[in-house]
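Trainee: Fold the following, please.
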Amino acid sequence: MENKEKCMEAIKNASCIELTTIGRYICTLIIALFMTLGHALAHEDFYVTKEFGNVKVRIRIGFECEEINNVTLLGQLAEKLCIKLNYKEPIFLDFGHDYIGNLIPDFYISYNKVNNEYLIEIRQIARHFQAQTTLKLLEYAIMNYNNTKSIDTLAIKEALNTPNSELLNSILKQKIYRPEKNFEYGISYYLQNNRYVIFQKSYYLKKESDLIELDNIFDIKQIDNLYAVIFDSDTSFYYAKRSANIVYGIGDTVGKEDNPNISKRQVIEDRKGFQPFKVTNIDRGTLAITFDYFGKKDVDDYSLIGNFERTLIYFKDEDQVIQDLDKLIKK
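Mentor: Modelled structure (predicted):
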């Protein structure tokens, strides 16, 4: 009991939260520890392939993360651009995901003949793939079609630095929604104008309300169609809450709904890794966010180097984060 009281005092001091029910936070600590065990570090790169008309999209990636859905959106935009340019020959968009993030983004355009068909192949290597970059590369490849050679790297970089064409801007303006089966209500996002718009779709009215625009989405974890944790990078996130249902009268099938909300941007300190996050809903007011990393478990003991797991605790109502559950307990 003495150790539990120390844990509770540590939480209170670390998060500046007034504790009204000590038992809740004791349970939170215990449940968080058990529910976040066994988050594996080992992985192996794999490929995901999608087709959209004459456009084939492939991504080589190391982990299940949102970049897979992102290149799916890019494939849909590429198909729309091909239709506008009346280009019907095969297109191959090949993405190499640099999930470690230590490479300079690079781009390649080549023309090949496969099965008596001329193929435009566009390869990208980057941490994150942008719609504007992909469409510029594709537009340039089609407009400068040559079936005998590749396009010079310098020419590609110059093309990327030119202003967008009117056609490209018209394609970018279109909304492309995150691919989800049977999405009826909850929190999701769409891509528009090279930006990612987080929105909520209400349960009763089926109305969309935009919450925030982001330059990037590293990952999104949806929780029971009511909440979502949106990681805009591998070191920061937002917590979004769908609007509540307010129903008046018995048998009211329409009802009313109040406004959704989104938290401030929360920064994850001393991230030390690039693996995806695991989000566990502990209770109505608490989330556990877990990730693996390779490094030192204790900054004061250099012999403790290896693969480790770290858990953050996020208090929804207070919009506050405890950065490291293990360190907090040790205090």
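
Trainee: In three-state terms, label residue 197 for me.
Mentor: strand (DSSP: H, G, I helix; E, B strand; the rest coil).

Trainee: ok, it to residue 130 distance?
Mentor: As judged by C-beta to C-beta, to the nearest Å, residue 197 and residue 130 stand 15 Å apart. Placement of C-beta: from N, CA and C, glycine included.

Trainee: got it, and residue 259?
Mentor: Separation of residue 259 from residue 130 (C-beta to C-beta): 31 Å.

Trainee: Neighbour count: the two, which is higher?
Mentor: Using other C-beta atoms under 10 Å as the criterion, residue 259 and residue 130 rank with residue 130 on top: 18 against 11.

Trainee: Let me see the confidence value for the closest residue to that one other than its chain neighbours.
Mentor: Once flanking residues are discounted, residue 130 sits nearest to residue 194: 6.1 Å by C-beta to C-beta, 6 or more residues apart in numbering. Note on residue 194: pLDDT of 96.

Trainee: how about the nearest residue to residue 133 once chain neighbours are set aside, what does it touch?
Mentor: Using C-beta to C-beta, 6+ apart and skipping the chain neighbours, the partner closest in space to residue 133 is residue 160 (6.4 Å). The contact partners of residue 160, taken as C-beta atoms under 8 Å, 6 or more residues apart in numbering, are 107, 133, 136, 137.

Trainee: give me every residue that touches the second one.
Mentor: With contacts defined as C-beta under 8 Å, 6+ apart, residue 133 is in contact with 107, 124, 160.

Trainee: State the distance from the last one to residue 109.
Mentor: Right, residue 160. For residue 160, the distance to residue 109 - C-beta to C-beta - is 11 Å.

Trainee: show me the contacts for residue 69.
Mentor: Contacts of residue 69 by C-beta under 8 Å, 6+ apart are 178, 179.

Trainee: Quick one: mean pLDDT over the helix or strand encompassing it.
Mentor: According to DSSP states H and E, residue 69 maps onto helix 67-84. Helix 67-84 shows a mean pLDDT of 97.

Trainee: intersection of neighbour lists for residue 160 and residue 109?
Mentor: Shared contacts of residue 160 and residue 109 (C-beta under 8 Å, 6+ apart): residue 137.

Trainee: Point me to the residue sitting closest to the centre of this protein.
Mentor: With distances taken as C-alpha atoms, centre = their mean, the residue of the chain nearest its centroid is residue 219 (2.2 Å).

Trainee: just checking, it touches residue 232?
Mentor: No - applying C-beta atoms under 8 Å, one finds residue 219 not in contact with residue 232, separated by 9.2 Å.

Trainee: I'd like to check what contacts stretch 78-89. Which residues are they?
Mentor: For stretch 78-89, the external contacting residues (C-beta under 8 Å, 6+ apart) are 52-55, 57, 91, 93, 117-120, 134-135, 138-139, 142-143, 167-168, 170-171, 174.

Trainee: Let's see that with 7 Å instead.
Mentor: Stretch 78-89 is contacted by residues 52-55, 91, 93, 117-118, 120, 134-135, 138-139, 142, 167, 171, 174 when judged by C-beta atoms under 7 Å, 6 or more residues apart in numbering.

Trainee: Of those residues, which belong to strands?
Mentor: 52, 55, 91, 93, 117, 118, 120 (DSSP state E).

Trainee: Make JSON lines from these and add pLDDT, neighbour count and distance to residue 317 to it.
Mentor: As requested, these are exported to JSON lines (pLDDT from 0 to 100; neighbours: other C-beta atoms under 10 Å; distance: C-beta to C-beta, whole Å):
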{"residue": "52", "pLDDT": "97", "neighbour count": "18", "distance to residue 317": "42"}
{"residue": "55", "pLDDT": "97", "neighbour count": "23", "distance to residue 317": "45"}
{"residue": "91", "pLDDT": "95", "neighbour count": "24", "distance to residue 317": "49"}
{"residue": "93", "pLDDT": "97", "neighbour count": "24", "distance to residue 317": "43"}
{"residue": "117", "pLDDT": "72", "neighbour count": "10", "distance to residue 317": "58"}
{"residue": "118", "pLDDT": "74", "neighbour count": "14", "distance to residue 317": "59"}
{"residue": "120", "pLDDT": "92", "neighbour count": "24", "distance to residue 317": "52"}
